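Student: Sequence first, predicted model second:
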Amino acid sequence: MRSHEVTKGVARAPHRSLFYANGYLPEDLEKPLIAVVNAHNEIIPGHFHLNEIAQAVKLGVASKGGTPIEFPAIGICDGIAMNHSGMKYPLASRELIADSIEAMVMGHKFDGMVLIGNCDKIVPGMLMAAARLNIPAIYVSGGPMLPGRYRGQDTDLIKGAFEAVGACASGKISEEELEELTLKACPTCGSCAGMYTANTMNCLAEALGMALPGNGTIPAPYGARKGLAKRAGMQIMELVKKDIKPRDILTLDAFRNAIALDMAIGGSTNTVLHLLAIANQAGVELSLEEFDRISSRVPNICKLNPSGKHRISDLYEAGGISAVLKRLLDASLINGEQLTVSGVTLGETVKQAEIYNAEVIRPLDNPYSPTGGIAVLRGNLAPDGAVVKQAGVAPEMLSHQGIARVYNSEEEAFEAIMAGKINKGDVVVVRYEGPKGGPGMREMLSPTSAIIGMGLDKDVALITDGRFSGGTAGAAIGHVSPEAAEGGPIGLLEEGDIIEIDIPNRILNVKLSEEELTKRKAKWLKPETKAFPNSYLKRYAALVTSASTGAVMRDDL
């Protein structure tokens, strides 16, 4: 076992002494040492209860003859970090999470690991670490929050509190009503109650084969969530025994399966960044084109909040992700031969799944859309690509031309929107918010939610070299690459330019000649970094790559 490097032999007597100081017994060190990587903290609702999940995992490990050893991972709440300088950190924290897990696992020579997370950047950070370290590993989430109730209707953080900010600013609701809704939007622990980034990634972990069935949809407060965690603790011992490693599971077809599921459920656009990054760590060549290719043939059969009326709890009751995967498998839209952490193939894992609500999980011949939830756009404004959640775009905005309203930061754009300076037909451009320019590629949830709250989502588009929350809906186009800070065309736009958006034909253009763009490029000056002096973000900005390649860190230095 790997752990023998720190537990066996005369030379390791001091090491054993340090284990004994913690209360471990000699016989504990004869067993496989299993890292229980727990992202519990007391600020993220999705992570507040993870100590209980960790306890269940450790019981499972111990019941199958392992020695569980817990250590922490950091986590940032995107909702609390939103719409201020704090939002520069969540995506950048993904790399810190992967790096810190590497440091702990390599420093202490664990034999396997159970990764416990739940929210946006923590899930991919953990899966990146699993792919990089390639020791037996299994991921288990804390589960989704239940929806809130406000005046007899379901609500949640995004469709409730965030969008109500715009409604309040436009006089549609009072500040008292806003506060009443705020108190009821998030009623339980768990990741926010919609097909936002956290829940999308927790669902995709099942399709990747790195999580057990139910990981994406069993609600956080349910006893079945702890049961799943205990099962994960038990299963890691099987993976260690059989020496099944993440790279045995994370093949190109596994990523294709995850992308197909993403398209079927209309997941967050952030999954493009994260799947590319996990593939990078697994040594799998995955390109942006793969997303659009799969989107063209996999229909959108689930219309979940924020794009539709159904909730994650509805998907759970309808059969969960296993039922969606079974439907895709029966139509040969995914590969059922891929190995999973269950120790059997994906096809074996989902073969007994049933669909209990054909409106939540529609038949393939009656989809919400004949193509997938995400589209990749290109054109002279995005030569290296841009990403949009087409499942959340109003039909009248799928093709649109409008005047560019150009802002060099999220704050500038949000202030203009809240001041009523954006008119019907406009295209709001938010630039210098990419991976390098931000730095950190901030989410634009507040601007897009304000646009929706003001009732302009069927009239106004927003494009950015930043990114969007999984809770964003409307004609919101992100990841525009190359980004402005790298001299991309989005950095050359001027107020009044005409922007052409054609999502069905995958086009994003500015109505300018090549000669004009070349002339503007000659005058463009590279801006100084907006990172704080001596901060991690300054190092991040120097090393991070384009959104089109997953915003991963360069390793060719």
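Tutor: Structure received. On a predicted model such as this, the values are computed, not experimentally measured, just so you know.

Student: and the nearest residue to Val284 once chain neighbours are set aside, what is it in contact with?
Tutor: Among residues not flanking Val284 along the chain, Leu252 sits closest, at 5.3 Å (C-beta to C-beta, 6 or more residues apart in numbering). Placement of C-beta: from N, CA and C, glycine included. When contacts are counted by C-beta atoms under 8 Å, 6 or more residues apart in numbering, Leu252 touches Ala279, Val284, Glu285, Leu286.

Student: let's go with 10 Å and repeat that
Tutor: For Leu252, the contacting residues are Ala279, Ala282, Val284, Glu285, Leu286, Glu290, Asn335, Gln338, by C-beta atoms under 10 Å, 6 or more residues apart in numbering.

Student: what do you get for Leu288?
Tutor: 272, 276, 376, 378, 384-387, 479, 481, 546-550.

Student: So Pro447, which state does it fall into?
Tutor: helix (DSSP: H, G, I helix; E, B strand; the rest coil).

Student: In contact with it, which residues?
Tutor: Here Pro447 is in contact with 83, 166, 407, 410-418, 422, 428, 430, 462, 464, 466, 468, 472, 476 (C-beta under 10 Å, 6+ apart).

Student: now it: how far from Ile417?
Tutor: Separation of Pro447 from Ile417 (C-beta to C-beta, to the nearest Å): 6 Å.

Student: ok, now His274?
Tutor: 28 Å.

Student: Walking through the stretch 101-250 of the chain, point out its helices one by one.
Tutor: 122-133, 163-169, 175-184, 197-208, 223-242, 246-249 (DSSP state H, counting those that start in this stretch).

Student: JSON lines please, covering those helices and showing mean pLDDT, distance to Glu42 and mean neighbour count.
Tutor: JSON lines is the format used below for the helices of the stretch 101-250 of the chain (pLDDT from 0 to 100; distance: least, C-beta to C-beta, whole Å; neighbours: other C-beta atoms under 10 Å):
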{"stretch": "helix 122-133", "mean pLDDT": "98", "distance to Glu42": "15", "mean neighbour count": "28"}
{"stretch": "helix 163-169", "mean pLDDT": "86", "distance to Glu42": "25", "mean neighbour count": "21"}
{"stretch": "helix 175-184", "mean pLDDT": "92", "distance to Glu42": "20", "mean neighbour count": "14"}
{"stretch": "helix 197-208", "mean pLDDT": "97", "distance to Glu42": "18", "mean neighbour count": "31"}
{"stretch": "helix 223-242", "mean pLDDT": "98", "distance to Glu42": "19", "mean neighbour count": "21"}
{"stretch": "helix 246-249", "mean pLDDT": "98", "distance to Glu42": "30", "mean neighbour count": "20"}
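
Student: wait, which of those is closest to Ala531?
Tutor: helix 122-133 (20.1 Å; C-beta to C-beta).

Student: So which elements touch the closest one?
Tutor: strand 33-38, helix 90-108, strand 112-117, strand 137-141, helix 197-208, helix 246-249, helix 270-282 (3 or more C-beta pairs under 10 Å, 6 or more residues apart in numbering; DSSP states H and E).

Student: now do 6 Å
Tutor: helix 90-108, strand 112-117, helix 270-282 (3 or more C-beta pairs under 6 Å, 6 or more residues apart in numbering; DSSP states H and E).

Student: Mean neighbour count, those: which tops it?
Tutor: strand 112-117 (a mean of 30; mean count of other C-beta atoms under 10 Å).

Student: List of residues touching that one?
Tutor: If you take C-beta atoms under 6 Å, 6 or more residues apart in numbering as the criterion, strand 112-117 is touched by 34-39, 50, 53-54, 57, 123, 126, 135-140, 232, 236, 240.

Student: ok, and the most crowded of the contacts of Leu288?
Tutor: His479 (31 neighbours; other C-beta atoms under 10 Å).

Student: Please give the element, helix or strand, for that residue.
Tutor: For His479, the host element (DSSP states H and E) is strand 476-481.

Student: Paired strands for that strand, with orientation please.
Tutor: Strand pairing for strand 476-481, determined by DSSP bridges: strand 382-388 (antiparallel), strand 461-464 (parallel).

Student: Mean pLDDT and distance to Gly66 for these - can I get that in a markdown table?
Tutor: Formatted as a markdown table, the strands paired with strand 476-481 follow (pLDDT from 0 to 100; distance: least, C-beta to C-beta, whole Å):
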| stretch | mean pLDDT | distance to Gly66 |
| --- | --- | --- |
| strand 382-388 | 97 | 41 |
| strand 461-464 | 96 | 46 |
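
Student: Can you check the pLDDT for the residue lying closest to Gly438 once chain neighbours are set aside?
Tutor: Spatially, and ignoring its direct neighbours in sequence, Gly438 is nearest to Lys88 (5.3 Å; C-beta to C-beta, 6+ apart). Here, the pLDDT recorded for Lys88 equals 94.

Student: on that earlier part again, between the contacts of Leu288, which is nearest Asn202?
Tutor: Within the contacts of Leu288, the smallest distance to Asn202 is 16.4 Å, found for Val272 (C-beta to C-beta).

Student: need the contact list for that closest one.
Tutor: Shown in contact with Val272 (C-beta under 6 Å, 6+ apart): Phe291, Val387.

Student: circling back: out of the helices of the stretch 101-250 of the chain, the one nearest Ala13 is which?
Tutor: Nearest to Ala13, of those and by C-beta to C-beta, is helix 223-242 at 25.1 Å.

Student: Report all helices and strands that that closest one contacts.
Tutor: Partner elements for helix 223-242 (3+ C-beta pairs under 6 Å, 6+ apart): helix 50-63, strand 112-117, strand 137-141.

Student: Report the angle between that helix and strand 112-117.
Tutor: Angle of helix 223-242 versus strand 112-117, following axes from the mean of the first three to the mean of the last three C-alpha atoms, to 10 degrees, is 150 degrees.

Student: Pull helix 223-242 out as PDB, backbone CA atoms only.
Tutor: The C-alpha coordinates for helix 223-242 follow below in PDB (Å, rounded to 0.1, in the frame of the first residue of the first chain):
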ATOM      1  CA  GLY A 223     -31.800  10.600   5.200                       C
ATOM      2  CA  ALA A 224     -31.000   9.000   1.900                       C
ATOM      3  CA  ARG A 225     -28.200  11.600   1.500                       C
ATOM      4  CA  LYS A 226     -26.400  10.300   4.500                       C
ATOM      5  CA  GLY A 227     -27.000   6.700   3.300                       C
ATOM      6  CA  LEU A 228     -25.400   7.600   0.000                       C
ATOM      7  CA  ALA A 229     -22.400   9.000   1.900                       C
ATOM      8  CA  LYS A 230     -22.000   5.900   3.900                       C
ATOM      9  CA  ARG A 231     -22.200   3.800   0.800                       C
ATOM     10  CA  ALA A 232     -19.500   6.000  -0.800                       C
ATOM     11  CA  GLY A 233     -17.300   5.300   2.200                       C
ATOM     12  CA  MET A 234     -17.900   1.500   1.800                       C
ATOM     13  CA  GLN A 235     -17.300   1.700  -1.900                       C
ATOM     14  CA  ILE A 236     -13.900   3.400  -1.700                       C
ATOM     15  CA  MET A 237     -12.600   0.200   0.000                       C
ATOM     16  CA  GLU A 238     -13.700  -1.800  -3.000                       C
ATOM     17  CA  LEU A 239     -11.900   0.600  -5.300                       C
ATOM     18  CA  VAL A 240      -8.700   0.300  -3.300                       C
ATOM     19  CA  LYS A 241      -9.000  -3.500  -3.200                       C
ATOM     20  CA  LYS A 242      -9.400  -3.700  -7.000                       C
END
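
Student: what comes into contact with that helix?
Tutor: With contact meaning C-beta under 6 Å, 6+ apart, helix 223-242 is reached by 32, 34, 53, 56-57, 59-61, 64, 66, 111-112, 114, 136, 138, 140, 143, 212, 214, 218, 343.

Student: any idea how far the residue positioned nearest the centre of the chain lies from Leu315?
Tutor: The centre of the chain sits closest to Thr197, judged by C-alpha atoms, centre = their mean, with a distance of 3.8 Å. Distance of Thr197 to Leu315, given as C-beta to C-beta: 16 Å.
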